[in-house]
Every structure is written in structure tokens, then in C-alpha cells.
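# Would you be able to build a 3D model of this:
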Amino acid sequence: MEARTPMDPAEVSLREMERLLDRLAVEVVVVGLHSGVLVGLYAWLEDQLERRRAHHAVLVSARGRVRRLQDRTAARS
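This is a model prediction of the structure:
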């Protein structure tokens, strides 16, 4: 079985991902024209953050739908 690393997106909070993206942005700007690898990493992390936000939005939507369904069911009783 493969061990998870601290950078596994499933294990990192949105807040931590934002902090890492901020720090990485500073490094990209400091390194400038020679930041090819960092730019790739920045793009990957930014994508992971957006995916996590989208996933969270779907969960919030599903919870709301379940709540409305429960309210309708309770109202019929």
C-alpha cells in the first residue's frame, strides 16, 4: 500500500493550500524568468485548489438539497 505524503491534496486544507500558493507565488516572482518548474508547480497547485473548491461547492449543494427534501417530507407527514 502506498503511503500518503503531506502534499496529498486530500490531506491538505483549503487554508493550507492558499498559504502554499501564496508562498509559491513569491518564489515564482523572485526567480522570474528561470522559474519554469515553479510555474508548473504553481499551475498544478492552483488547479488542485480550484478542484477542491468545486468539490466543496457540490457538497454544500447536495446538503441543501437533502435538507429541502427532508423539509418537504416532514411537511407531508
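# Could you check the pLDDT of residue 13?
At residue 13 the predicted local confidence, pLDDT, stands at 88.
# Ok, residue 77 next?
Residue 77 is assigned 80 on the pLDDT scale.
# same deal with residue 20?
Confidence score, pLDDT, at residue 20: 94.
# burial of it, as a residue count?
17 (other C-beta atoms under 10 Å). C-betas here are computed from N, CA, C, even on glycine.
# One more: residue 17?
Neighbours of residue 17 (other C-beta under 10 Å): 19.
# Quick one: residues contacting it.
Applying C-beta atoms under 8 Å, 6 or more residues apart in numbering, we find residue 17 in contact with 9, 45, 48, 49, 52.
# max-length helix in the protein?
helix 36-76 (DSSP state H).
# Poorly predicted segments of the protein, please.
1-10 (pLDDT under 70).
# now with 90?
Low-confidence segments of the chain (pLDDT under 90): 1-14, 33, 35, 76-77.
# Just list what the longest helix of the chain packs against, helices and strands only.
helix 14-31 (3 or more C-beta pairs under 8 Å, 6 or more residues apart in numbering; DSSP states H and E).
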